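**Student:** need coordinates for the following:
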Amino acid sequence: MTKEERILRAKECLKAYNKVYYNKGDFFKADFWDYAEIFEMILDAYEITKDEEYKAQLIEMQGYVMERYKETWEYNPYNDDIMWLTIAHARLSLLTGEKKYAEIAKKNFDLTYERAYDENLGGGMYWRIEKRGKNSCITSPASIAASLLYKLFGDESYLEKAKSLADWMTETLVREDGKVYDNIGIHGRIQEKTWTYNEGTYIGANTLIYILTGEGKYLLNAEKAASYTKNIMYENGIMNDEGEGGDQPGFKGILSRWLRLFALTSGKEEYIKWLRLNAESAYENRNSKGIMGTMLATKTEENEYDVFTASSAVAISFNSI
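**Tutor:** As a prediction, the model looks like this:
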């Protein structure tokens, strides 16, 4: 399949998704962080295809965010929720050149970092305002956001935060072979469960720092996590898990975004080929409405799927181009 054919197929998948779930900025039953990651899915589509239709959708969506969620999000007790939408705004600013989106990202990063970071357990970020543990799902995304803010503002303090957070992850929540653990409790107990989005954001955090600094250890960190995910978690096969409900079904789209960046940065095309393998399996298993579930090797049923569940395969479709 040619690049042009992959683009057409990814657009077909997004068109089907939008038809079922999208209406004038609103995605049907998308909550705060679901919306942030669907926002990133549309950012992927625009970044990769440069199709002005997607830019228009992003501007409409951002207006909806301002109407529904306002300009600062400190009312949300989940620090990771805020960071996902912060990343989306930073990326939107980088793609459009509009500084107002960068200012929103900066404001929300700063307030979240202030309340979520301290030196307890050596650093890292608390998942929620109760401060019961520090999690991969906030610390790696915060590193990503800090790198993007450094690109936007040139403020060295953001690059230092990005490196500090990524280094803490490596020292505290990442096994030598690249397995990324979920969290560490306030008393030091580590939850060793592995999810695709934690692998993905750790890959992304380290790849971005490598791009910004040229420091080889960060690309090596990213490569270990990429290798663990592809070769050990999935044995080079189809990702056919995380379908149990809740947040899990949306995780793979996040992985695909940052795995693509790593593959392009490192020149390791095998990771793009693996994403294509998954995208093709998802496409073959779509239902009659063109919706693809998160179990990429399983036929998508005709029943109504959660908006976040159905987003993963669409993101993979674009990130495998």
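
**Student:** so the most centrally placed residue in the chain is in which element?
**Tutor:** The residue lying closest to the centre of the chain (CA atoms, centre = their mean) is Ile254, at 3.2 Å. In this structure, Ile254 sits in helix 251-266 according to DSSP states H and E.

**Student:** mind listing what's buried in the very next helix or strand once past that helix?
**Tutor:** Per DSSP H and E, helix 251-266 leads on to helix 270-284 as the next helix or strand towards the C-terminus. The neighbour-count check on helix 270-284 (16 or more other CB atoms under 10 Å) flags Tyr271, Ile272, Trp274, Leu275, Arg276, Leu277, Asn278, Ala279, Glu280, Ser281, Ala282, Tyr283 as buried. Just so you know, the C-beta spots here come from the backbone N, C-alpha and C atoms, and that holds for glycine as well.

**Student:** where along the chain do the strands fall?
**Tutor:** Secondary structure of the chain (DSSP state E): strands at 22-23, 26-27, 133-135, 183-185, 190-191.

**Student:** just name the most buried of these.
**Tutor:** Mean neighbour count, computed with mean count of other CB atoms under 10 Å, is highest for strand 133-135 among the strands of the chain, reaching a mean of 24.

**Student:** dihedrals phi and psi, the residue lying farthest from the centre of the chain?
**Tutor:** Relative to the C-alpha centroid of the chain, counting by CA atoms, centre = their mean, His187 is the outermost residue, at 28.3 Å. Dihedral angles of His187 (phi, psi; degrees, to the nearest 10) stand at phi -100, psi 10.

**Student:** tell me, how many residues neighbour Arg286?
**Tutor:** By other CB atoms under 10 Å, the residues close to Arg286 number 18.

**Student:** roughly how far does it sit from Tyr305?
**Tutor:** 11 Å (CB to CB, to the nearest Å).

**Student:** equivalent analysis for Glu269, please.
**Tutor:** Counting by CB to CB, the gap from Glu269 to Tyr305 is 31 Å.

**Student:** repeat that for Tyr117.
**Tutor:** Using CB to CB, Tyr117 is found at 36 Å from Tyr305.

**Student:** would you map the helices across the stretch 101-250 of the chain?
**Tutor:** Applying DSSP state H, counting those that start in this stretch to the stretch 101-250 of the chain gives helices spanning 136-153, 156-172, 196-213, 216-227.

**Student:** switch these over to JSON lines; also include mean pLDDT.
**Tutor:** Output for the helices of the stretch 101-250 of the chain, formatted as JSON lines (pLDDT from 0 to 100):
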{"stretch": "helix 136-153", "mean pLDDT": "99"}
{"stretch": "helix 156-172", "mean pLDDT": "99"}
{"stretch": "helix 196-213", "mean pLDDT": "99"}
{"stretch": "helix 216-227", "mean pLDDT": "98"}
